[in-house]
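Colleague: make a model of this:
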Amino acid sequence: WQKIMYGVWSFGMIINKIFCYIDSLAVRGAVLFRLARIKLVSEGRINNRGRLRIRKNVSIEIRRGGYMETGAGIVTVNQGTRIVVESDGNLKIGDDVGINSNCYIAVHNEVSIGNNTIFGPGVVVVDQDHDHRAAGGLKAEKYKIGSVIIGNNVWIGANAVILRDTVIGDDAVIGAGCIVKGNVASGTVYVGKR
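Modeller: Next comes the predicted model:
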């Protein structure tokens, strides 16, 4: 009985290692990789220095000229999350970061996420706005582009929206449902007034 149980356990460990290996192959530069777990389109560059744990139904798109870097330790991207790094965009994710389900990160210029930071479900981070005053209006697809810098040990609550030209200091807490633009000092608990 013990030999059978050990055999089942060993088989499970082998299957787990295969999936981790497939994930690492996908993240380390596949041009187009489709599996039930991940859709990765990378014409740009990816530098994964640690372990990138990707759940199912995650979409990561790195356009030509874009760059994504993940830190040491474990970076977890949960189901339903979409990450888009446009041409010349630069996304840096620190060590031991957790991105919860159904988040959206869009990078035209620069987004930096510090070490040990956690996103609640449904968080949106964008470093650009549509320029509705441009000739041709919204159809012209012109953008005002900035950057988003998120410090270390930051907790961002569910459905928060982080807009361009935002700096969030270390150890800050962003309350659920908040819209953040500008500077949030280190150690601040940021709660939207309603």
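Colleague: need the contact list for the closest residue to residue 81 other than its chain neighbours.
Modeller: Spatial nearest neighbour of residue 81, excluding adjacent residues (CB to CB, 6 or more residues apart in numbering): residue 103 at 4.6 Å. For glycine as for every other residue, the C-beta is placed from the backbone atoms N, C-alpha and C. Counting by CB atoms under 8 Å, 6 or more residues apart in numbering, residue 103 touches 78, 81-82, 119, 121-125.
Colleague: in the chain, which spans are helices?
Modeller: For the chain, applying DSSP state H gives helices covering 2-27.
Colleague: below-threshold pLDDT in it: ranges please.
Modeller: Within the chain, the segments meeting pLDDT under 70 span 1-42, 137-138, 193-194.
Colleague: number of residues surrounding the closest residue to residue 157 other than its chain neighbours?
Modeller: Nearest non-adjacent residue to residue 157, counting by CB to CB, 6+ apart: residue 176, 3.5 Å away. Residue 176 has 15 neighbouring residues, counting by other CB atoms under 10 Å.
Colleague: so who does residue 176 touch?
Modeller: By CB under 8 Å, 6+ apart, the neighbours of residue 176 are 120, 157-160.
Colleague: which residues touch the closest residue to residue 89 other than its chain neighbours?
Modeller: Nearest residue to residue 89, sequence neighbours excluded (CB to CB, 6+ apart): residue 107, at 3.8 Å. Taking CB under 8 Å, 6+ apart, we find residue 107 in contact with 66, 83-86, 89-91, 127.
Colleague: let's have those in TSV, adding neighbour count.
Modeller: As requested, those are arranged in TSV below (neighbours: other CB atoms under 10 Å):
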residue	neighbour count
66	22
83	22
84	19
85	25
86	20
89	23
90	20
91	26
127	28
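Colleague: of those, just say which sits nearest to residue 60.
Modeller: Nearest to residue 60, judged by CB to CB, of the contacts of residue 107 is residue 83 at 4.7 Å.
Colleague: noted, bye for now.
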